[in-house]
Structure formats: structure tokens, C-alpha cells
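**Student:** coordinates only, sequence not included:
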């Protein structure tokens, strides 16, 4: 077997090694270990991606002595490795951008545990990306939930602890529903391997007496994952979770953790149940409707916020709504738009949260919009970073969000007339609402307090500056190299489905 075949498993083991080293080392050594661990995993993942891309193939192999459907199996192709590489880069930049705030938010003796928890989340989303086994997916969902809850609680304030408890309750509810769905699925098909489940589900759909069972399985699996990923109206945990976490945690939870859940949702719909079978349950219609509602009502909730962090958090409800709307449409072009938007969101949210923290710091740690007036002049790098992220979320040209919204508008014409009208109207309304709160915030931070206020080239922490500059660059790259990235995603989708 080619050595490259083992790289996905090696990346998981290296990440586990990072967990152990960071947990026992001191703060400085733990940070160095985390950076080395993360960069090593990024390099190996990129090698795996290039191998799959150049050979235009996906690869799989069994773990242990038993092959599928009895043993556990890893499957990786262009899409899985490309998304993994992007999310690993986002993880590194999120920690670099938020590092200077860790000593403010976390006791010094606990900071090395923070790096260990981030490595553990890294283990989980890499495994979720590569697993070809539905139960293994559940195991790493639980690992993600535990590590994410600990990331919130490590800040150790009243509000962060309350947010962590709420987050844990919603996650346990989602995990319970998903596990029940897995148990019923195993009982109905006799398999846990996704590829062996699919033909069994197809046979069940053809037998109308078993169709209700397929519907129940679909509801349990999708709603369970939807609760964990912020599907409207199960998003109530998001404002406090993202709003009260430390800066790096805000970025990781919104950009990396949520994408791990979404990757598994895509695998469940397309590789486990099969979209044609999924369509027979009408769960795609439910996702479509809830996605549209999330796009609009999430933005309305964001407009009503008085604090910048909560506004950014609630805007995620709207952005996640785009993804569910695309999954509800179910066309190949819609799935392309979904994956591209996942990448856009993954690189934009850390930029917004990190830049917002810089603006808050330059305003004497005031989070209210009134107090943030002129903060873009006090810290021009953070101001430009927030401006770039805001324009991306609204959908302006030259940043990633423009391509994302263009793809969603384009895929609207692949469906019936009613859905075309609904999608286009929702895109217009959501974009206008996005503009209301993001452009208002941009105008606020770049409105001088008085005529004497001048632009300040603040001497930022070097790691913070690197993170913000790279996140800005990634947003621009996603726009200017969109044709190449779309080609990668298209090839990956063909291998996946």
C-alpha cells in the first residue's frame, strides 16, 4: 500500500500526540508544541490532497484486521482533504489571533490545557472528515462536544459557565437524537459502514411499508446534527456561546466545530441515506424552509443587538441558514454552493471575531456600538480586518462572500419556479439585512469621535497582526482564485457522491 494512504491516520495520531504534550507541558512549551503539531498536520493533509487531486481518485482502507462492513474504515478524497486543510489553517490562525487575550481570560496555569483542548478538537474534525463509519462519526461528535464545552468553561466566569452549560445541554440533546438514529439504522440495515447502508436504505424506500422507518431515521440523524450545528430554530445556544467565549474560542467554535458537524450532515445525506431517498422523506423540504427562515430571522435578531460580539454571533444563524437552504435544494450546483460557503464562513468569522476584539481593546474594552465609535481609527489593522469580513458577509465583490452568494443565486435556477422565486427573494432580503447591521457597524467604527481624531498605526502583537493579515488574504484569495477552488470542489463532490 502507498505510504500516502496512511497519512490521514497519521494526522489523527499526531494531533492526539499534541493533546498529550500540551496537557503536561508548561504554557510556553504547550504553545510551541501546538504550533508544530498544527503545521505538521497541515503539511500532511496538503500532501494527501495533492495526491488525490493529481490522481483524480479517492482512497480508503480498513483499520484493524476486519474490513468493512465489520471493521472501521477511513475514506479520503479531494473534498475531504481540501476542507480539512482549510479548517486546520483556520484553527492555527484563530489561536494566533487570540493568543494575546488568553492570559486576560484564562488563569495562566490553565492555558496549556487550552492548547490541548484545541488539539483534541482538531483530532475530532479530522476524524469526522475521514470516517466512512456512522458510529465512529458519533464517537467523534461526542469528543467534539466535550472539548468545546471545556473551551467555554475554561474562561471561568459566570456568564461563560452558564453559556457552557446551555451549550452542553443542546449538544447532549443533539447527540442523543443522533445516537438513537444510528441504533435504529443499524437495526434496520445490519451495517454501520456508510457505503453498505446506502443500498439497504434504497431497498427500504422501494418497500412503501418501510418508508416511515426511513423517515424516522432521517429525522433523528439530521435534527440531531442540526441542533449541534445551529439549525434554526435550535440556535438559542449560539449568542451566549460565541458572545462570552474567549476570542480564539469564538473563532474555533463558529468556524471549525460547526463545519465538522456540517461535513457529517453532508455524508449522512449523500453517502448514507442517498439524496434521492432523502428526498422521499421530505426532510429536504424541511431543511429548505428552516434554512430560509434562519437566513432572514437570524439577520433580524442580529440587527437588534447592542454589542458587537453578539451581533457577529447571531449573524452566524443567517449564514448557517444559507447552508441548510442549499442542502434542501439538493442539486449538485447547490452542494457546490454549500461547500464554498462553508469555506467562506470558516475564513470570515475568525476575521470578524478577532478584529472585533482588537476594536474592543482600543475602546477600553467596551463592546457597545456607541462606545466603539471611531475605534477603526484607533486600530487601523483591526478596522480593515473587520471591514473585509463585513463586506464578505454582505456579498461585496473582491471578497469571498460575493462568489458564495453568486453560486446560491445561480443554483436557484436549477429547481422549480416556486423555489427559484423563494431563493432569490430570500437572498435579496438576507443580503439587505446583512448590509444593515454590518455596514452600520463599519460606519460606526470609522466615524471619528471628533475632527481631531487621526488614524493610529497601532503596534499590534505580531501574532495578532499575522492572523488578521492572513485571514484578510484568504478572503481575497477565495475571490480571485474562485474558478480553481470551484473546480476542486466539483471534483471532490463527484468523488463523494
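**Tutor:** Alright, I've got the coordinates. None of the values given here were measured: they were computed from a predicted structure.

**Student:** which residues of the stretch 201-350 of the chain fall in helices?
**Tutor:** 211-229, 238-244, 247-252, 258-267, 275-280, 283-303, 308-329, 332-361 (DSSP state H, counting those that start in this stretch).

**Student:** looking at these, which is buried most?
**Tutor:** helix 247-252 (a mean of 30; mean count of other C-beta atoms under 10 Å). (Glycine included, C-beta is placed from N, CA and C.)

**Student:** quick one: closest of the helices of the stretch 201-350 of the chain to residue 11.
**Tutor:** For those, proximity to residue 11 was assessed by C-beta to C-beta; helix 258-267 is nearest, at 14.4 Å.

**Student:** the closest one packs against which elements?
**Tutor:** Judged by 3 or more C-beta pairs under 8 Å, 6 or more residues apart in numbering; DSSP states H and E, helix 258-267 is in contact with helix 78-105, helix 111-130, helix 134-153, helix 211-229, helix 308-329, helix 332-361.

**Student:** same list (those helices) but as TSV, adding distance to residue 173.
**Tutor:** TSV is the format used below for those (distance: least, C-beta to C-beta, whole Å):
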stretch	distance to residue 173
helix 78-105	25
helix 111-130	19
helix 134-153	11
helix 211-229	6
helix 308-329	17
helix 332-361	24
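
**Student:** want to throw those helices into JSON lines with mean pLDDT?
**Tutor:** Shown next, in JSON lines, are the helices and strands packed on helix 258-267 (pLDDT from 0 to 100):
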{"stretch": "helix 78-105", "mean pLDDT": "91"}
{"stretch": "helix 111-130", "mean pLDDT": "91"}
{"stretch": "helix 134-153", "mean pLDDT": "89"}
{"stretch": "helix 211-229", "mean pLDDT": "91"}
{"stretch": "helix 308-329", "mean pLDDT": "89"}
{"stretch": "helix 332-361", "mean pLDDT": "92"}
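
**Student:** which stretch among the helices of the stretch 201-350 of the chain comes nearest residue 437?
**Tutor:** Taking the helices of the stretch 201-350 of the chain one by one with C-beta to C-beta, helix 283-303 is closest: 4.8 Å.

**Student:** report the angle between the axes of that closest one and helix 308-329?
**Tutor:** Put simply, helix 283-303 runs at 160 degrees to helix 308-329, going by axes from the mean of the first three to the mean of the last three C-alpha atoms, to 10 degrees.

**Student:** helices or strands up against helix 283-303?
**Tutor:** Against helix 283-303 (3+ C-beta pairs under 8 Å, 6+ apart) you get helix 211-229, helix 308-329, helix 417-445.

**Student:** minimum distance to residue 349: which of those has it?
**Tutor:** Comparing the helices and strands packed on helix 283-303 by C-beta to C-beta, helix 308-329 comes nearest, at 6.7 Å.

**Student:** what would the helices of the stretch 201-350 of the chain look like in CSV with distance to residue 204?
**Tutor:** Converted to CSV, those look like this (distance: least, C-beta to C-beta, whole Å):
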stretch, distance to residue 204
helix 211-229, 5
helix 238-244, 35
helix 247-252, 38
helix 258-267, 19
helix 275-280, 8
helix 283-303, 15
helix 308-329, 22
helix 332-361, 24
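
**Student:** quick one: which of the ones you listed is nearest residue 116?
**Tutor:** With C-beta to C-beta, the closest approach to residue 116 among the helices of the stretch 201-350 of the chain belongs to helix 247-252: 13.4 Å.

**Student:** residue 427 is nearest to which of the helices and strands packed on helix 258-267?
**Tutor:** helix 308-329 (8.5 Å).

**Student:** by contact count, what packs against that closest one?
**Tutor:** With 3+ C-beta pairs under 8 Å, 6+ apart as the test, helix 308-329 has helix 238-244, helix 247-252, helix 258-267, helix 283-303, helix 332-361, helix 400-411, helix 417-445 packed against it.

**Student:** repeat that with 6 Å
**Tutor:** Counting contacts by 3 or more C-beta pairs under 6 Å, 6 or more residues apart in numbering; DSSP states H and E, helix 308-329 packs against helix 238-244, helix 283-303, helix 332-361.

**Student:** out of these, which gets nearest to residue 128?
**Tutor:** Checking the helices and strands packed on helix 308-329 against residue 128 by C-beta to C-beta gives helix 332-361 as the closest, at 13.2 Å.

**Student:** ok and the closest one relative to helix 283-303, angle-wise?
**Tutor:** Using the same axes, to 10 degrees: helix 332-361 against helix 283-303 is 20 degrees.

**Student:** give me the nearest residue to residue 350, chain neighbours excluded.
**Tutor:** residue 251 (3.5 Å; C-beta to C-beta, 6 or more residues apart in numbering).

**Student:** got a list of what the one you found touches?
**Tutor:** Counting by C-beta atoms under 6 Å, 6 or more residues apart in numbering, residue 251 makes contact with 94, 350, 353.

**Student:** go again using 8 Å as the cut-off
**Tutor:** 90, 93-94, 97-98, 349-350, 353-354 (C-beta atoms under 8 Å, 6 or more residues apart in numbering).

**Student:** ok, residue 486 next?
**Tutor:** Residue 486 neighbours (C-beta under 8 Å, 6+ apart): 336, 340, 403, 407.

**Student:** format these as JSON lines; extra columns: distance to residue 174.
**Tutor:** Listed next are the contacts of residue 486 as JSON lines, based on distance: C-beta to C-beta, whole Å:
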{"residue": "336", "distance to residue 174": "27"}
{"residue": "340", "distance to residue 174": "25"}
{"residue": "403", "distance to residue 174": "31"}
{"residue": "407", "distance to residue 174": "28"}
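
**Student:** farthest pair in those residues?
**Tutor:** Greatest spatial distance among the contacts of residue 486 (C-beta to C-beta): 336 and 403, at 10.8 Å.
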